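Participant: with the input below, show me the fold.
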Amino acid sequence: LLYGGIVGAIFGVLKGVGFALVNATFIDHLRTIFLLGIYFGAGFFFLGILLTFGIVILVWLGLLLERMFFHRRKMVNKNTESEIEPLRISTSSSENKFNMTSLSRLWYVLLAGVILVSGITYLGLLPEFKLLIPKSTLQLLFIFGLIQIMTAGFIFILIIIKSHSNHGRNFKSIIVLIAILLITIIFGTIIQNRVAIAWQKQQQVINPVETAGVTALVPQNVKTKVILFAWDGACWEIITPLLQQGKLPNLQRLITQGATGRIKSMRPTKSPVIWTVIVTGKPPAQNGVFEFVRIANIPGIPEEFPITTTSELTPIEFRLFPVAEKLGLCSMVQNQQTDRQVKAIWNILSEQKKTVGIINFWNTYPPEPVNGFMIPHFLDIHAHHQGQITYPPSLYAAISASIPQELPITHKQLLRYIPILKNKPALVLPQGKEEQELYQFLVNLGERWDTFVARIGKQLFQQLHPDLLCIYFEGGDMVSHKAWKYYYPEQFWGVSAKEVALFREILPNYYIFLDQQLGEFLNLMDENTVFIVMSDHGFHAIPAWKEFLYSRITGPYISADHYLAPDGIIVVAGKGVKPNSQITSASVFDITPTLLWLFGLPTAEDMTGTVINSVFDEHIYGSIRKIPTYEFTKRNTITSTTRQVLTPEMVEQLKSLGYIGK
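Facilitator: The predicted structure follows:
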């Protein structure tokens, strides 16, 4: 058990240090790395003991069964008239020495195996982390993984050498200890050096662009207006059959008039991360938004950690933070707009005297001063019932009375999505936990908020006429997570015919509902408007075994995910768009550069994407110009006096969608 605990502790230290390295851009001293290593080591020490105890029990049961059946059968077969010689257990010192030596060798094999797996894991993450962390941190992570693999190889070689040698164990232990100490010293020096470099780069002030660059900001076209209809989670797999059935007339109208295509998403495929990429044109390594939440209030550590993950399985520590929070060892806090390190499209346009309207986008609390208006994401509205919830502050009085409240869900509200209720109004719907979550996300968190967003967006656009309106609808994403298996029951195990009859139409009917909201905004277009409908990602079914595990045992109750970054949709119509054209090779990085070009502004060289100009008439919008950056001035921002800790309701919502660990 002690060996198991020590192996677990070493693995935990490696995970803790690795976690700190992934977030090294945000650490200014070595103490944080050291403490995180200690904390993770302590946690995995107990986990190692627990796992070892389980293994010991299994081995003991196996030996017991072997003795009860196989050994007894062997003795019976050998039974003769002579007395059976009883089983003897040798207690000679030589045999005990051999057993202890074997046990010691097993300990070193386990130790080397854990270090090797950890090193390979970090090297395997490098391709996925290339957009998430700076190059200097990638180099550090590579060194970290390489040192672990070399250490594991050294221990394996030592085991082989000592297995053919008669030297004492003390010499071997000293050699291993010296090797580990040397590696620790070398690695610590590298950490200190690399962290200092990363921190210095983080603190560097960007030099102003040359006067020629500033002059180039003068817009060439001042009449264009853009409506960006952000439809989270929309995918062609659901849309195409509905278009063929004529059930999405408003989207069909846009498709006929304009250009369509797929838009490449990115990992981690999480809404706050991708929508920040969309509105900045820059990857998380530049924009600073990595996850839904940040980790704060770790004892002895002043920093907040913007968790950096690309997989639902790695790093392991991300799944452990909810447990640590329950033990009072940390807090999960909301991302805020101040966590974004660069300007968004609304900051740039406001500086260039363009008017903007931003509604319900992620990471917009506290709302920034813009040349127009801003209403933050509904989770922030839920969490903040006082203070500056909108920009301008006076706008809150106009919308507060219509902010949706969570209410009991009635048959009438479900009628739109479950048509069988029309003929059977007295039908009693299933009320299990999975079904109740489905109704909750469908009505209270989906329809009510999307209806509110559409109504407020339409009113403010008609009153204030912003040059750019960005309006975000999240209900489609939430409903897809919950209702996918009823629309594609053949992809899962154990979906009953009754469930399919009841819930199959929920997902397509929600698409129909959002198409109706889309129609309200199409009526606001004029000859100078460009209308963009897009999603951040599509969806795919999770493996049937995992859905069965979630729905029957562990949760969260989801049947579809977007972990593999499936393509989203993009439809563009309006001023200068070529009808019936195809958008190819578009990505989520291309939206901000394209918007800048549509408004007659140059794109920035420090943005990752390119302009989607192939479907536009370039005679109207002109050639593409570039400047080094738009970060030559600091953005005008507001800092919240307090960091909002996630409320239990918000935590449960994120957990139930599978975004943070249960």
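
Participant: read off the pLDDT value for Ile274.
Facilitator: On pLDDT, Ile274 comes in at 95.

Participant: hmm, I was thinking of Phe318
Facilitator: pLDDT, Phe318: 60.

Participant: for Val500, same thing?
Facilitator: Listed pLDDT for Val500 reads 92.

Participant: off-centre distance for the helix or strand where it lies?
Facilitator: In this structure, Val500 is located in helix 497-503 according to DSSP states H and E. With CA atoms, centre = their mean, to the nearest Å as the basis, helix 497-503 stands 31 Å off its chain's centre.

Participant: how about the helices in the stretch 351-500 of the chain?
Facilitator: Ranges of helices in the stretch 351-500 of the chain, per DSSP state H, counting those that start in this stretch, are 378-383, 395-399, 411-414, 420-423, 433-439, 448-464, 475-487, 497-503.

Participant: what about the protein, any weak spots by pLDDT?
Facilitator: Within the chain, the segments meeting pLDDT under 70 span 24-29, 70-104, 162-179, 181-182, 184-186, 188-222, 308-319, 382-387, 636-662.

Participant: can you do 50?
Facilitator: 80-100, 168, 205-216, 312-315, 662 (pLDDT under 50).

Participant: ok, the residue nearest the centre of the chain to His619 distance?
Facilitator: Central residue of the chain (CA atoms, centre = their mean): Lys270, 3.8 Å from the mean position. Counting by CB to CB, to the nearest Å, the gap from Lys270 to His619 is 40 Å. For the C-beta atoms, the positions are set from N, CA and C on the backbone; glycine is no exception.

Participant: swap in Ala344?
Facilitator: For Ala344 relative to His619 (CB to CB), the value is 29 Å.

Participant: between these two, tell me which one has more neighbours.
Facilitator: Ala344 (28 against 7; other CB atoms under 10 Å).

Participant: the more buried one reaches Ile278, doesn't it?
Facilitator: No: with contact defined as CB atoms under 8 Å, Ala344 and Ile278 do not form a contacting pair (9.4 Å).

Participant: quickly list what's touching both of these two.
Facilitator: Thr592 (CB atoms under 8 Å, 6 or more residues apart in numbering).

Participant: any idea how far Glu291 lies from Phe305?
Facilitator: Distance, Glu291 to Phe305, by CB to CB: 9 Å.

Participant: so which of these two has more stuff around it?
Facilitator: Neighbours around Glu291 and Phe305, counted as other CB under 10 Å, are more numerous at Phe305. The numbers are 24 against 21.

Participant: how about that one, nearest residue that isn't a chain neighbour?
Facilitator: Ile295 (4.4 Å; CB to CB, 6 or more residues apart in numbering).

Participant: distance between stretch 125-135 and the chain's centre?
Facilitator: With CA atoms, centre = their mean, you get 14 Å for stretch 125-135.

Participant: buried stuff in it?
Facilitator: Neighbour-count burial for stretch 125-135, with 16 or more other CB atoms under 10 Å as criterion, is recorded at 125, 129, 131-134.

Participant: just stretch 477-491 next, same as before
Facilitator: 477-489, 491.

Participant: cool, and stretch 326-342?
Facilitator: Buried-residue list, stretch 326-342, by 16+ other CB under 10 Å: 329-342.

Participant: what does stretch 607-622 give?
Facilitator: Residues of stretch 607-622 classed as buried: 607-613, 615-616, 621 (neighbour count, 16+ other CB under 10 Å).

Participant: in strands only, show me the residues you listed.
Facilitator: Residues of the buried residues of stretch 607-622 located in strands (DSSP state E): none.

Participant: tell me the one of those residues nearest Phe632?
Facilitator: Phe632 has its nearest neighbour among the buried residues of stretch 607-622 in Met607, at 14.0 Å by CB to CB.

Participant: for that closest one, what are phi and psi?
Facilitator: Per-residue torsions, Met607: phi -90, psi 140 (degrees, to the nearest 10).

Participant: neighbours of the nearest residue to it once chain neighbours are set aside, how many?
Facilitator: Setting aside the residues directly before and after it, Met607 is nearest to Gly281 in space (CB to CB, 6+ apart), at 3.6 Å. Counted by other CB under 10 Å, the residues lying close to Gly281 total 30.

Participant: and the gap between Gly281 and Gly41?
Facilitator: For Gly281, the distance to Gly41 - CB to CB - is 40 Å.

Participant: contacting residues around stretch 428-448?
Facilitator: Contacts for stretch 428-448 (CB under 8 Å, 6+ apart): 404, 406-407, 409, 411, 413-414, 416-418, 474-476, 478-479, 481-483, 499, 502-503, 506, 510, 513, 551, 557, 653, 656-657.

Participant: which of those residues are buried, as a PyMOL select command?
Facilitator: If you want just the buried ones from the contacts of stretch 428-448 in PyMOL, going by 16+ other CB under 10 Å, the selection is:
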select buried, resi 404+413+414+416+417+418+474+475+476+478+479+481+482+483+499+502+503+506+510+513+551+557+653+656+657
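
Participant: find the helix or strand that the nearest residue to Lys130 once chain neighbours are set aside is a member of.
Facilitator: Leaving aside its chain neighbours, Lys130 sits nearest to Leu138 (6.6 Å; criterion: CB to CB, 6+ apart). Under the criterion of DSSP H and E, Leu138 resides in helix 135-163.

Participant: in that helix, what counts as buried?
Facilitator: 136-138, 140-141, 143-145, 147-149, 151-152, 154-156, 158-159, 162.

Participant: that one packs against which elements?
Facilitator: helix 2-22, helix 93-129, helix 169-203 (3 or more CB pairs under 8 Å, 6 or more residues apart in numbering; DSSP states H and E).

Participant: let's see 10 Å
Facilitator: Applying 3 or more CB pairs under 10 Å, 6 or more residues apart in numbering; DSSP states H and E, we find helix 135-163 packed against helix 2-22, helix 93-129, helix 169-203, helix 284-287.

Participant: coming back round to it: what's the helix holding Val500 in contact with?
Facilitator: With contacts defined as CB atoms under 10 Å, 6 or more residues apart in numbering, helix 497-503 is touched by 414, 417-421, 427, 429-430, 434-435, 438, 442, 482-483, 485-487, 489-490, 495-496.

Participant: if we use 7 Å, what do you get?
Facilitator: By CB atoms under 7 Å, 6 or more residues apart in numbering, the residues outside helix 497-503 that reach it are 418, 420, 483, 486, 489.

Participant: and which of those is nearest Glu527?
Facilitator: Distances from Glu527 to these, taken by CB to CB, are shortest for Ala483, at 39.2 Å.

Participant: show me the contacts for that closest one.
Facilitator: Here Ala483 is in contact with 438, 503, 506-507 (CB under 7 Å, 6+ apart).

Participant: can you rerun that using 6 Å?
Facilitator: Ala483 makes contacts with 506-507, as judged by CB atoms under 6 Å, 6 or more residues apart in numbering.

Participant: could you measure it against Gly233, distance?
Facilitator: Ala483 is 12 Å from Gly233, by CB to CB.

Participant: how about Gly476?
Facilitator: The gap separating Gly476 from Gly233 is 5 Å, by CB to CB.

Participant: now for the buried residues of stretch 477-491: which two are most distant?
Facilitator: Asp477 and Pro489 (20.7 Å).

Participant: just the ones of the buried residues of stretch 607-622 in helices?
Facilitator: Tyr621 (DSSP state H).

Participant: Serialize the buried residues of stretch 607-622 to TSV and add fields for distance to Ile274.
Facilitator: Shown next, in TSV, are these (distance: CB to CB, whole Å):
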residue	distance to Ile274
Met607	15
Thr608	13
Gly609	13
Thr610	17
Val611	19
Ile612	17
Asn613	22
Val615	22
Phe616	24
Tyr621	26
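
Participant: go through the buried residues of stretch 326-342 and name the one nearest Gly538.
Facilitator: Distances from Gly538 to the buried residues of stretch 326-342, taken by CB to CB, are shortest for Asn335, at 23.6 Å.

Participant: give me the phi and psi for the closest one.
Facilitator: The phi/psi pair for Asn335 (degrees, to the nearest 10) reads phi -70, psi 140.

Participant: hang on, it packs against Asn363?
Facilitator: Yes: in this structure, Asn335 is within contact of Asn363 by CB atoms under 6 Å, at 5.0 Å.
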